[in-house]
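K.L.:
Provided below for reference: sequence and predicted model.
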Amino acid sequence: FHSVIDASSAKTQTASTTGEILKDVAGVTLSGTGITNGANILMRGYDQKGVKILVDGIYQPLENTMNNLGGVFLDPALIKRVDVKHGSASTLHGAGAMGGVVAFNTLDPQSILSTDKKLGVKLFSSVSSADRHFSYGGIIAARHDIAEGLFAYSQRQRGPIRLANGDKLENHEHIKNFFAKAYVYPTENQTLIISARHYDNSGEQREVLHRMGGFGKNESNQMQRDTQQKNYALTHHYASDTNSWLDLTTYLYYSQFDINQTFLTDTKLTHTELKKNVQGKVGTHEARTQSTYGLKFEENASIHWFDTLNQSVIVGTEAYQQKMRSNEQAKNFPLAK
């Protein structure tokens, strides 16, 4: 079945993470501790290796991170709509969609601009006592002749997370988001979309983010971690006026995911070693970058048979290449392509 989430609801607009938007969707479970980059989406027994995440139709390959880092690196203030397809959708969406598909659609200029206006501005802020989060930002949109676009910036700070048993999970996040999107209409049946999105989350976090209680609660090292994702996309849509079978969308995209982290503690050190100021892993810096280059074609045809039978046909293909670069300390992630 298919669930649709409208981002205009009060619950969605006060969410401090993108994962929180999905919290009440039937059949969707969020794992982890509530830390922004530690909440994986689970559906029908699959984690994010079997749940495909799309943002504006483009695959977000986030399953190759370590220490159970996951989540969706997209600020909830930038989301217009979420479509959730429950159950296997690999035939339509390709590999990685055995559990389902979560498709996020970001804001467009029409979300901010009134029908007859050429300039629009939105300012927003939110606060939450549960995770001491405070966010603020703004969006400006404009249109002129055959073009329209928007630019958004937001900042979000999150502190210790209050757990159900009364404890507090140490967490310090400082999140910055840049987002730009431009629409150009060369002809009435063509649309060219250029988008750029930057996400930066830095702060002190646990090495293993899913360790909330019980085993491993005190065994996870503290890290100074900087998580960044950069996305650039060029999308072209052509819909024929005369042929209902021609509705073609082409995506050209690039995504870069960076993690830089430095050990602040080493739980393997004994009490005696700590007294002698033995450093162990403290100060060790791990760095890695995962890059994705991709091209995708999608054709949606509508065929009418004898004026009584309508048939929808979707044909498409996608090709992408991923690369992993890492320093010597990030031994779990060797150079790969």
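P.N.:
Done, it's in. As the structure is a prediction and not an experimental result, all values here were calculated from the model.

K.L.:
Show me which residues of stretch 103-111 are buried.
P.N.:
103, 104, 105, 106, 107, 108, 109, 111 (16 or more other C-beta atoms under 10 Å). (C-beta placed from N, C-alpha, C; glycine too.)

K.L.:
got the contact list for the fifth one?
P.N.:
Put plainly, it is residue 107. The contact partners of residue 107, by C-beta atoms under 8 Å, 6 or more residues apart in numbering, come to 78, 79, 80, 139, 150, 152, 179, 181.

K.L.:
coming back round to it: so which of the buried residues of stretch 103-111 are in strands?
P.N.:
For these, membership in strands holds for 103, 104, 105, 106, with DSSP state E as the criterion.

K.L.:
now for those residues, which pair is the farthest apart?
P.N.:
103 and 106 (11.0 Å; C-beta to C-beta).

K.L.:
quick one: common contacting residues for these two?
P.N.:
Residues touching both residue 103 and residue 106 (C-beta under 8 Å, 6+ apart) are residue 55.

K.L.:
quick check, nearest of the buried residues of stretch 103-111 to residue 144?
P.N.:
Here the nearest of the buried residues of stretch 103-111 to residue 144, counting by C-beta to C-beta, is residue 109; it sits at 10.8 Å.

K.L.:
ok, now how distant is the closest one from residue 226?
P.N.:
Relative to residue 226, residue 109 is positioned 31 Å away (C-beta to C-beta, to the nearest Å).

K.L.:
ditto for residue 133
P.N.:
According to C-beta to C-beta, residue 133 and residue 226 sit 19 Å apart.

K.L.:
quick one, which of those two is more surrounded?
P.N.:
Under the criterion of other C-beta atoms under 10 Å, the comparison of residue 133 against residue 226 puts residue 133 first, with 21 against 16.

K.L.:
got a list of what the more buried one touches?
P.N.:
With contacts taken as C-beta under 8 Å, 6+ apart, residue 133 has the following neighbours: 16, 126, 127, 156, 157, 158, 159.

K.L.:
where do the helices sit along the stretch 101-250 of the chain?
P.N.:
Under the criterion DSSP state H, counting those that start in this stretch, helices are not mapped anywhere in the stretch 101-250 of the chain.

K.L.:
how about the strands in it?
P.N.:
When assigned using DSSP state E, counting those that start in this stretch, the strands of the stretch 101-250 of the chain occupy the ranges 119-128, 133-144, 147-158, 161-162, 168-169, 173-184, 190-206, 222-239, 247-263.

K.L.:
could those strands be laid out in JSON lines, adding distance to residue 21 and mean pLDDT?
P.N.:
What follows is the strands of the stretch 101-250 of the chain, written out as JSON lines (distance: least, C-beta to C-beta, whole Å; pLDDT from 0 to 100):
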{"stretch": "strand 119-128", "distance to residue 21": "13", "mean pLDDT": "90"}
{"stretch": "strand 133-144", "distance to residue 21": "14", "mean pLDDT": "93"}
{"stretch": "strand 147-158", "distance to residue 21": "14", "mean pLDDT": "94"}
{"stretch": "strand 161-162", "distance to residue 21": "17", "mean pLDDT": "78"}
{"stretch": "strand 168-169", "distance to residue 21": "21", "mean pLDDT": "76"}
{"stretch": "strand 173-184", "distance to residue 21": "15", "mean pLDDT": "94"}
{"stretch": "strand 190-206", "distance to residue 21": "16", "mean pLDDT": "92"}
{"stretch": "strand 222-239", "distance to residue 21": "18", "mean pLDDT": "92"}
{"stretch": "strand 247-263", "distance to residue 21": "21", "mean pLDDT": "93"}
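
K.L.:
so which of the ones you listed comes closest to residue 94?
P.N.:
Judging the strands of the stretch 101-250 of the chain by C-beta to C-beta, what sits closest to residue 94 is strand 247-263, at 12.8 Å.

K.L.:
Paired strands for that closest one, with orientation please.
P.N.:
For strand 247-263, the paired strands and their directions (DSSP bridges) read strand 222-239 (antiparallel), strand 285-305 (antiparallel).

K.L.:
Output the strands of the stretch 101-250 of the chain in JSON lines, with distance to residue 330 appended to each entry.
P.N.:
Shown next, in JSON lines, are the strands of the stretch 101-250 of the chain (distance: least, C-beta to C-beta, whole Å):
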{"stretch": "strand 119-128", "distance to residue 330": "33"}
{"stretch": "strand 133-144", "distance to residue 330": "29"}
{"stretch": "strand 147-158", "distance to residue 330": "25"}
{"stretch": "strand 161-162", "distance to residue 330": "27"}
{"stretch": "strand 168-169", "distance to residue 330": "25"}
{"stretch": "strand 173-184", "distance to residue 330": "21"}
{"stretch": "strand 190-206", "distance to residue 330": "16"}
{"stretch": "strand 222-239", "distance to residue 330": "12"}
{"stretch": "strand 247-263", "distance to residue 330": "8"}
